[in-house]
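In: Here is my input; please provide its structure:
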Amino acid sequence: MRLTVWSYEGPPHVGAIRVAASMTGVHCVLHAPAGDTYADLLFTMIERRASRPPVTYTTFQARDLGGDTAELFKKAMREACERFQPRALLIGETCTAELVQDQPGALAQGMGLPVPVVPLELSAYTRKENWGASEAFYGLVRTLLKGRVPAPGAQRAPRPADQRPRANLLGATALGFRCRDDVVEVSRLLDAIGVEVNVIAPLGASPEDLLRLPQADFNVCLYPEVAELTCGWLERQFKQPTVRTVPLGVTGTRAFLREVAAVAGLDIDVEQVGPASRSTWYSRSVDSTYLTGKRVFIFADATHALAATRIAQDELGFTVVGLGTYSREFARDVRERAQALGVEALITDDYLEVEARVAELQPELVLGTQMERHIAKRLGIPCAVISAPVHVQDFPARYAPQMGFEGANVIFDTWVHPLMMGLEEHLITMFREDFEFHDTATAPQHAEPPTRPQAVAPAVDAEGGEAEAADVEPVWTPDAERELGKIPFFVRGKARRNTERYARTRGVATIT
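Out: Residues are numbered from 1 along each chain as shown. Predicted coordinates:
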């Protein structure tokens, strides 16, 4: 284990809590020491939920380790069932409780409880949050539907001719990035082409809704990090095909509609579906042409990182100079995409490695998580958040999807505005010291140019020449600093480093 200030993903039990918090009628019981209840704050503070997540912790303490901690778990289980009356139970343990080896899943299954019990093997020391969410969702679906799996070799009955195609939207969870609005936007898209949404899960679903999953003609894997395992099982057991194209960006949304039409047997003109996305016109307009070729670094979960490369390169004309993800389960997909782009993939969960790569590449825009927002701010680079982990400002009260045509508009605004404001901030900074525009300037006809600071004389050697200083840090004169200040702030750091490197190689001690 490694101590860290930031973490891209929490331990797997946080993923299990995300699934429970997304649903109604599901309760999660966690064997955990006192202090592991911190996860509640993620939902009430960051997502601003009106209620705490449906979780019961055993909260054993150090003095309990000499006694029967298994009995403490059984007591917590009975009290949770009596108080909350759940219709399904998720059973797991936090990373600390895993060391005690009480096997809470086996204990719960032996208690004869009147509701379905889903034991979770969360592998806290080798896995992370998204994996835990995937396991929890898969465990729920498999436990509830295991008695309804058709016999081997059975064929799926054809859809009645007068019935609209039905789809399940799978993968959206609490604490997900814009999941709440994405499912609304995708539901509208499907309705526009004549497809009915059968179940949205886990977000907003109940155990009874999960029982209706086989009624759909196909599944839409909106967030592979959470839903891919479940979609694969439904495909094998219930012969439900899976739509795997994620509708992010204009081209991604059209590709998604084409795949849905093929799976559902619909004959539609994708180009005529939905309102025209304004982002398509804006990205070709005069105001955006100066953005062409902007160097972009992308680091996010795999779903959003892969989609961001396509949007950045194909829809906005950016140049992707770096790509990475913390989703190790999808490392192969990210590496293949990076190879196609001619860049080196960064697969890591260490934010310091990400910061070092950003500082090395000096991009003009960073697309990442809440952590990259802080990294970019320190380095003076514009940034837009495109993926979890996020902070409270990324759960807006307004409707702000990422998926679909409206999501493409939101993405355009979110990505381009930092660059536009960066240019404006640079112009303001550049003219701030001008005798007509500086902060203390009077009316232009009365203004006098401010006195220029005196330059520091360069170091000289005994013969009167400039001193050799290849191994000495160069010193900037005030005039040089003023000139450097005229360079846009988002590339100023690179200009400073390149100039200092040049000065060292030439033995120049003072940069004028």
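
In: Give me the most central residue, this structure.
Out: The chain has residue 387 as the residue nearest its centroid, 1.9 Å off, counting by C-alpha atoms, centre = their mean.

In: pretty sure that residue is in a strand, no?
Out: No - counting by DSSP: H, G, I helix; E, B strand; the rest coil, residue 387 is located in no strand; its state is coil.

In: That one is in contact with residue 307, isn't it?
Out: No - with contact defined as C-beta atoms under 8 Å, residue 387 does not count as touching residue 307 (9.7 Å). From N, CA and C alone the C-beta is placed, and that goes for glycine too.

In: Can you give the distance from the host helix or strand of residue 258 to the centre of its chain?
Out: Here residue 258 is covered by helix 249-264, with elements defined by DSSP states H and E. Its chain's C-alpha centre and that of helix 249-264 lie 22 Å apart, by C-alpha atoms, centre = their mean, to the nearest Å.

In: now residue 122, nearest residue through space, not along the chain?
Out: What sits nearest to residue 122 in space, not counting adjacent residues and going by C-beta to C-beta, 6 or more residues apart in numbering, is residue 12, at 3.9 Å.

In: can you check residue 326 too?
Out: Excluding the flanking residues, the one nearest residue 326 by C-beta to C-beta, 6+ apart is residue 8, at 3.9 Å.

In: can you map out the strands along the stretch 151-300 of the chain?
Out: In the stretch 151-300 of the chain, the strands defined using DSSP state E, counting those that start in this stretch lie at 166-172, 196-202, 218-221, 242-243, 295-300.

In: need those in TSV with mean pLDDT and mean neighbour count, can you?
Out: Formatted as TSV, the strands of the stretch 151-300 of the chain follow (pLDDT from 0 to 100; neighbours: other C-beta atoms under 10 Å):
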stretch	mean pLDDT	mean neighbour count
strand 166-172	97	26
strand 196-202	97	22
strand 218-221	98	26
strand 242-243	97	21
strand 295-300	97	26
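
In: how about these, which one is nearest residue 236?
Out: Taking C-beta to C-beta, strand 242-243 is the member of the strands of the stretch 151-300 of the chain nearest to residue 236, at 10.5 Å.

In: Show me what that closest one packs onto, helices and strands only.
Out: When contacts are defined as 3 or more C-beta pairs under 8 Å, 6 or more residues apart in numbering; DSSP states H and E, strand 242-243 sits against strand 218-221, helix 224-238, helix 249-264.

In: mind running it again at 7 Å?
Out: Secondary-structure packing of strand 242-243 (3 or more C-beta pairs under 7 Å, 6 or more residues apart in numbering; DSSP states H and E): strand 218-221, helix 249-264.

In: Give the partner strands of it in its sheet and their orientations.
Out: strand 218-221 (parallel) (DSSP bridges).

In: just how off-centre is the partner strand within its chain?
Out: Here strand 218-221 is found 21 Å from its chain centre; the criterion is C-alpha atoms, centre = their mean.

In: Pull out the CA atoms of that strand and give them to me as CSV.
Out: What follows is strand 218-221, C-alpha atoms only, in CSV (Å, rounded to 0.1, in the frame of the first residue of the first chain):
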residue,chain,number,x,y,z
PHE,A,218,-31.0,-5.6,-26.3
ASN,A,219,-28.8,-3.9,-23.7
VAL,A,220,-26.9,-0.6,-24.0
CYS,A,221,-23.6,-0.6,-22.2
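
In: which outside residues touch that strand?
Out: For strand 218-221, the external contacting residues (C-beta atoms under 7 Å, 6 or more residues apart in numbering) are 167-171, 227-228, 231, 234, 240-244, 263-264.

In: Same check on stretch 306-314?
Out: Stretch 306-314 has contacts (C-beta under 7 Å, 6+ apart) with 246, 248-249, 251-252, 296, 298, 300, 318, 320, 323, 333-334, 337, 341, 367, 386, 411.

In: before we move on, what about stretch 404-418?
Out: 182, 185-186, 189, 247-250, 253, 274-275, 277-279, 282-283, 288, 291, 311, 316, 365, 367, 382-384, 400-402.

In: quick one: which of the strands of the stretch 151-300 of the chain is nearest residue 84?
Out: The nearest among the strands of the stretch 151-300 of the chain, by C-beta to C-beta, is strand 196-202 at 17.6 Å.

In: I'd like to check what contacts the closest one. Which residues are they?
Out: 19, 22-23, 137, 164-170, 172-173, 183, 187, 190, 205, 209-210, 212-213, 215-216.

In: Tell me the spacing between residue 370 and residue 337.
Out: Taking C-beta to C-beta, to the nearest Å as the measure, residue 370 falls 23 Å from residue 337.

In: what's near enough to touch residue 330?
Out: residue 302.

In: and it, that's in a helix?
Out: Yes - checked against three-state DSSP, residue 330 lies within a helix.

In: re earlier: can you point out the buried residues in the helix holding residue 258?
Out: 249-257, 259-261, 263-264 (16 or more other C-beta atoms under 10 Å).

In: Then stretch 323-335?
Out: 323, 324, 325, 326, 327, 328, 329, 330, 331, 333, 334, 335.

In: before we move on, back to that, so who does the residue nearest to the centre of the chain touch?
Out: So residue 387 contacts 177, 300, 301, 304, 305, 369 (C-beta under 7 Å, 6+ apart).

In: Which residue is the nearest non-sequential neighbour of it?
Out: residue 300 is the one closest to residue 387 (C-beta to C-beta, 6+ apart), at 3.3 Å.

In: so what's that neighbour up against?
Out: Counted by C-beta under 7 Å, 6+ apart, residue 300 has contacts 308, 325, 367, 368, 369, 386, 387.

In: Among those residues, name the ones in strands.
Out: Among the contacts of residue 300, the members falling in strands (DSSP state E) are 325, 367, 368.

In: ok, and what's touching the host helix or strand of residue 134?
Out: Using DSSP H and E, residue 134 maps to helix 129-145. Helix 129-145 is contacted by residues 9-16, 18-19, 88, 90, 116, 118, 120, 122, 173, 202, 207, 210-211, 213-214, 225-227, 229-230, 233, 327, 329 when judged by C-beta under 7 Å, 6+ apart.

In: For that helix, give the mean pLDDT please.
Out: Mean per-residue pLDDT for helix 129-145: 96.

In: Which other helices and strands does the helix or strand in which residue 360 is found contact?
Out: Assigned by DSSP H and E, residue 360 falls within helix 351-361. Judged by 3+ C-beta pairs under 7 Å, 6+ apart, helix 351-361 is in contact with strand 295-300, strand 319-325, strand 345-347, helix 370-379.

In: That helix vs strand 295-300, what angle?
Out: 170 degrees (axes from the mean of the first three to the mean of the last three C-alpha atoms, to 10 degrees).

In: pLDDT at residue 479, what is it?
Out: 93.

In: That one in helix, strand or coil?
Out: Residue 479 - assigned by three-state DSSP - is helix.

In: Make 515 the starting number, not 1.
Out: All set: I'll call the first residue 515, so the last point we hit is now residue 993.

In: how near is it to residue 856?
Out: Distance of residue 993 to residue 856, computed by C-beta to C-beta: 40 Å.

In: quick one, which of those two is more surrounded?
Out: Taking other C-beta atoms under 10 Å, residue 993 and residue 856 do not tie; residue 993 has more neighbours (15 against 8).

In: sorry, back to before: run through the bridge partners of the residue nearest to residue 901.
Out: Applying DSSP bridges to residue 814, the residues it is bridged with are residue 839.
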